[in-house]
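>>> Next comes the sequence, and after it the predicted model I'd like to discuss.
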Amino acid sequence: MMVQDQKEVIFTIEEKRRAATAVILFAVYAIVIVIPIWVRTTSVYRADIPYSEIEDLYDSSVRVNIGFSVKLLPSTSASQVKREVEKLMDTSSDRAKLLVTISTTYNILTAQESAQLKESSSLFDFDDDILSRHQNDRSMPSFIICVDSSYDIARDFPGKSRVIMGDGRVAYILCHPSDAKTTASLIAPTIAEVFYGRSRLSTLFQAVQGEAHQQVRHHRLQDSQVPEALPTSAEYELIFTLVIPEGHHASWNIGNVLETYFHSLTSKLEPFANFTVKAQILYDVDLSSNPRRYLGKDNDTSDDYYYYDPEVLPHLLRDVESRLTSLTTNAATLHIITFIPRSSYTPSYVLTDTKHSRSPTNSVLIPRWGALLIHNINDSSIPLMVDSQTDIDSFLHHLRILLGLPDWRVGSGHWQMAAPRRHPVADWELDYLLLHRAVENVATATATLRTLCRLLGEIPYMVISEDIGARIKRALSASKETINHLEAGSFHRAAEQSHIAVANAEKAFFDPSVLAMLYFPNDQKYAIYVPLFLPAGFPILGSIYAVYKWYRMKSTSE
């Protein structure tokens, strides 16, 4: 009996030893293999994002360098003009994050250049000669040439205009060689406000950066040189629509007009944006309200006409706009509508004030949307002959404003735009557009990247795919390239890189996977897995504790 009892005790110890070993191996297996696999399969993949670089780029200043060359009249003191211009060009009020440096050289006109100005019969022919010699030369700096009031070409300065902007990168200033202060007072604003638009550039950058939005918006509304342009986009769709409320067939020469004027224009604007031009005719579509009638004097019906209030006219496009929805696109759309009034409401005019002054273009600008032009046809023969050749000036006038160009062409204070010879948009105006677009895009891209990185940092359980990471890095690299080109004064390359930067930044920000609602927060993940692991975890922990007690009792008994 004593031998059997001893064997039974030995068997029990071996069994406990094997059980303890199994518990330890299972615990090691759970800790070394099971838990790491669970952590790996439930962890959120996040591509490497350069958070610090993006934050540094957002906080850094954008430097813009602009080069000018001023050609002064003989016997003019270049040093005195330079001092006066520098006083007027004080940039201490510029935003700290947008620093514009203007590098201006002052030279006296050579004898040959002075002779050419004196012998020229027309300032516009002289400007054409300069433009032909520097055609497509992007490296050519902007010039300001002083013209003596005694020259024959001085008569080309209309009215009170003292500055004429050429079609190239040249501005002509009417001045007197002995009056350095007046000369400087014309040079400084021509450089600051006309060539690169300092005030608009500053408020534009400020608005994109999200500072004092209400103040900027108020400034935009009050400033006539800052029009309500189209939304920023790398692609625009320009749609010309002829609206005929009566079902009469019409013959419209819009094809010839587009080929003659707009093909060269859109080609020149390719560095700024891509344009797709379309045309359509809408029949049996009318405005939402009929025009009012104005009765002529002394009951003379021949003086009667119909008129639209320019403030009300944009709201009458509801029926027309509903027919335009078939041409919706992802590109920003610009509508130029030519409306043919009914024969019973002909002629119809757009009035500019309560004194029944007629609009010279008989049209109205619709901010950020397009323009509406009233085209009267006195001939009632069928088909209607619609000649848009007479409306081309109105088309170009509204297109320039919607693109964001100041309306210098009609004259503004001392400034007057030279009559267009080759393109409705001058070379210096293209530089103006590219500079403003590059600054706006780089500010938008950096602000978008910063917002996205803050969002990703605040939501650690959101997946960051390699595609999003690559887009963020491309946007960051293109933003740096844009800033470098702006500092070098290369606006064409800066605009090109800025389009890449803002496109990648917005695609990354609006990626469908960047949505917090698609992912479980950590607390919800734990709420799912804790009920699963606790039933299995308690027995393991209890077994480990029992093994620990057994080994401790064994060591004590020994």
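Thanks, I have it. Predicted model, so just to flag it, every value in this text is computed and none were measured. Numbering: from 1, shown residues only.

>>> which of the residues in stretch 23-43 are buried?
Residues of stretch 23-43 classed as buried: Val23 (neighbour count, 16 or more other C-beta atoms under 10 Å). All C-beta atoms are positioned from the backbone trio N, CA, C, and that covers glycine.

>>> For the residue minimising distance to the centre of the chain, which three-state class applies?
Closest to where the C-alpha atoms of the chain average out (C-alpha atoms, centre = their mean) is Thr232, at 3.1 Å. Secondary structure state of Thr232, per DSSP: H, G, I helix; E, B strand; the rest coil, is coil.

>>> residue contacts, the closest residue to it other than its chain neighbours?
Once flanking residues are discounted, Thr232 sits nearest to Glu440: 6.0 Å by C-beta to C-beta, 6 or more residues apart in numbering. Residues near Glu440 by C-beta atoms under 8 Å, 6 or more residues apart in numbering: 204-205, 208, 232, 498.

>>> can you rerun that using 6 Å?
Residues in contact with Glu440 (C-beta atoms under 6 Å, 6 or more residues apart in numbering) are 204, 208, 232.

>>> packing partners for the helix or strand that contains Met553?
Assessed by DSSP states H and E, Met553 sits inside helix 522-557. Here helix 522-557 touches helix 2-29, going by 3 or more C-beta pairs under 6 Å, 6 or more residues apart in numbering; DSSP states H and E.

>>> Past the helix it packs on, which element shows up next along the chain?
Per DSSP H and E, the first helix or strand lying C-terminal to helix 2-29 is helix 35-42.

>>> Quick check: mean pLDDT of that next one?
For helix 35-42, mean pLDDT is 78.

>>> Show the average pLDDT along the helix or strand following it.
Moving toward the C-terminus from helix 35-42, the next helix or strand (DSSP H and E) is helix 51-59. Helix 51-59 shows a mean pLDDT of 91.

>>> Who are the packing partners of helix 51-59?
Checked by 3+ C-beta pairs under 6 Å, 6+ apart, helix 51-59 has helix 427-458 packed alongside it.

>>> Show me what secondary structure element comes after the helix it packs on.
helix 466-488.

>>> buried residues in that following helix?
Judged by neighbour count (16+ other C-beta under 10 Å), helix 466-488 contains these buried residues: 468-469, 471-483, 485-487.

>>> Stretch 273-291 now?
Buried-residue list, stretch 273-291, by 16+ other C-beta under 10 Å: 273, 275, 277, 279, 281-282, 285-287, 290-291.

>>> ok, these vs Ser132, which is closest?
Phe275 (25.5 Å; C-beta to C-beta).

>>> That closest one pairs with what?
Note on Phe275: beta-bridge partners by DSSP bridges are Tyr236.

>>> check contacts around it.
By C-beta under 6 Å, 6+ apart, the contact list for Phe275 reads 236, 238, 266.

>>> Extract the CA atoms of stretch 61-75 and return them as PDB.
The C-alpha coordinates for stretch 61-75 follow below in PDB (Å, rounded to 0.1, in the frame of the first residue of the first chain):
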ATOM      1  CA  SER A  61       7.400  83.800 -46.700                       C
ATOM      2  CA  VAL A  62       6.700  83.900 -50.400                       C
ATOM      3  CA  ARG A  63       9.200  86.100 -52.100                       C
ATOM      4  CA  VAL A  64       8.400  87.600 -55.500                       C
ATOM      5  CA  ASN A  65      11.100  89.400 -57.500                       C
ATOM      6  CA  ILE A  66      10.100  91.600 -60.400                       C
ATOM      7  CA  GLY A  67      12.500  93.300 -62.800                       C
ATOM      8  CA  PHE A  68      11.800  96.600 -64.500                       C
ATOM      9  CA  SER A  69      13.900  98.900 -66.800                       C
ATOM     10  CA  VAL A  70      13.100 102.600 -67.000                       C
ATOM     11  CA  LYS A  71      14.300 104.700 -70.000                       C
ATOM     12  CA  LEU A  72      14.400 108.300 -69.000                       C
ATOM     13  CA  LEU A  73      14.600 111.400 -71.200                       C
ATOM     14  CA  PRO A  74      17.900 113.100 -71.800                       C
ATOM     15  CA  SER A  75      18.700 115.800 -69.200                       C
END
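
>>> got any ranges where this structure has weak pLDDT?
Counting by pLDDT under 70, the ranges of the chain that qualify are 1-13, 90-96, 133-141, 209-229, 296-303, 325-329, 354, 407-423, 516-520, 557-558.

>>> Pull the residues that contact stretch 24-31.
Here stretch 24-31 makes contact (C-beta under 6 Å, 6+ apart) with Ile544.

>>> Same question for stretch 457-469.
The contact list for stretch 457-469, computed with C-beta under 6 Å, 6+ apart, reads 44-47, 508, 511, 516, 519, 521-522.

>>> Find the pair from the residues you listed with maximum spatial separation.
Most distant of those, by C-beta to C-beta, are Ala508 and Asn522, 23.9 Å apart.

>>> what about those two, which has more around it?
Neighbours were counted for Ala508 and for Asn522 using other C-beta atoms under 10 Å; Ala508 has more, 25 against 11.

>>> OK, contacts around the nearest residue to the more buried one once chain neighbours are set aside?
In this structure, Ala508 finds its nearest non-sequential neighbour in Arg471, 4.0 Å apart by C-beta to C-beta, 6+ apart. By C-beta under 6 Å, 6+ apart, the contact list for Arg471 reads 504, 507-508.

>>> just checking, Tyr307 touches Leu351?
Yes - under the criterion of C-beta atoms under 6 Å, Tyr307 makes contact with Leu351 at 5.0 Å.

>>> Which residues are in contact with each of these two?
Both Tyr307 and Leu351 lack any common contact, where contact means C-beta under 6 Å, 6+ apart.

>>> From the contacts of Phe275, keep the buried residues only.
Among these, those classed as buried by 16+ other C-beta under 10 Å are 236, 238, 266.
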